[in-house]
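> quick one: sequence and predicted model below, then my questions.
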Amino acid sequence: MGLREWSIGGVLLSPFLFYMALAFAITIGLRALLHLTGLHRWIWHEALFDVALFVCVLALVTTVLGPL
């Protein structure tokens, strides 16, 4: 896909915005999975865990979909 801007109606949008939205959706799904399985009880600081999980998922999404 690459990291070139997309022109939508004359407005340049970065694909990183799409990557962040996708990573956020995956993070929400993973958090729901953690709550369903009961593993959320082992999380010490939930807000810190959420941010760290989002950053890890964003790095994975950027690596997989980003330029080679």
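Cool, the structure landed. Numbering: from 1, shown residues only.

> the helices in the protein, which residues?
Per DSSP state H, the chain carries helices over the ranges 15-37, 46-65.

> using CSV, lay out those together with mean pLDDT.
As requested, the helices of the chain are exported to CSV (pLDDT from 0 to 100):
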stretch, mean pLDDT
helix 15-37, 96
helix 46-65, 96
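
> closest to S7 out of the ones you listed?
Ranking those by proximity to S7 (Cβ to Cβ) places helix 15-37 first, at 12.1 Å. Placement of C-beta: from N, CA and C, glycine included.

> before we move on, the earlier item: make JSON lines out of the helices of the chain and add mean neighbour count.
Formatted as JSON lines, those follow (neighbours: other Cβ atoms under 10 Å):
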{"stretch": "helix 15-37", "mean neighbour count": "14"}
{"stretch": "helix 46-65", "mean neighbour count": "14"}
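
> same list (the ones you listed) but as TSV, adding distance to I8.
Converted to TSV, the helices of the chain look like this (distance: least, Cβ to Cβ, whole Å):
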stretch	distance to I8
helix 15-37	11
helix 46-65	18
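
> what's the closest of the ones you listed to E5?
Nearest to E5, of all the helices of the chain, is helix 15-37, at 7.8 Å by Cβ to Cβ.

> alpha carbons of the closest one, as CSV, please.
C-alpha atoms of helix 15-37 as CSV (Å, rounded to 0.1, in the frame of the first residue of the first chain):
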residue,chain,number,x,y,z
PRO,A,15,-2.7,6.2,5.0
PHE,A,16,-1.3,6.2,8.6
LEU,A,17,-4.8,7.5,9.6
PHE,A,18,-6.3,4.3,8.1
TYR,A,19,-3.6,2.3,9.9
MET,A,20,-4.5,3.9,13.2
ALA,A,21,-8.2,3.3,12.8
LEU,A,22,-7.5,-0.4,11.9
ALA,A,23,-5.2,-0.8,14.9
PHE,A,24,-7.8,0.8,17.1
ALA,A,25,-10.5,-1.6,15.9
ILE,A,26,-8.2,-4.6,16.4
THR,A,27,-7.3,-3.4,19.9
ILE,A,28,-10.9,-3.1,20.9
GLY,A,29,-11.5,-6.7,19.6
LEU,A,30,-8.5,-7.9,21.6
ARG,A,31,-9.7,-6.1,24.8
ALA,A,32,-13.1,-7.7,24.3
LEU,A,33,-11.5,-11.1,23.9
LEU,A,34,-9.5,-10.6,27.1
HIS,A,35,-12.7,-9.7,29.0
LEU,A,36,-14.5,-12.7,27.6
THR,A,37,-11.8,-15.1,28.7
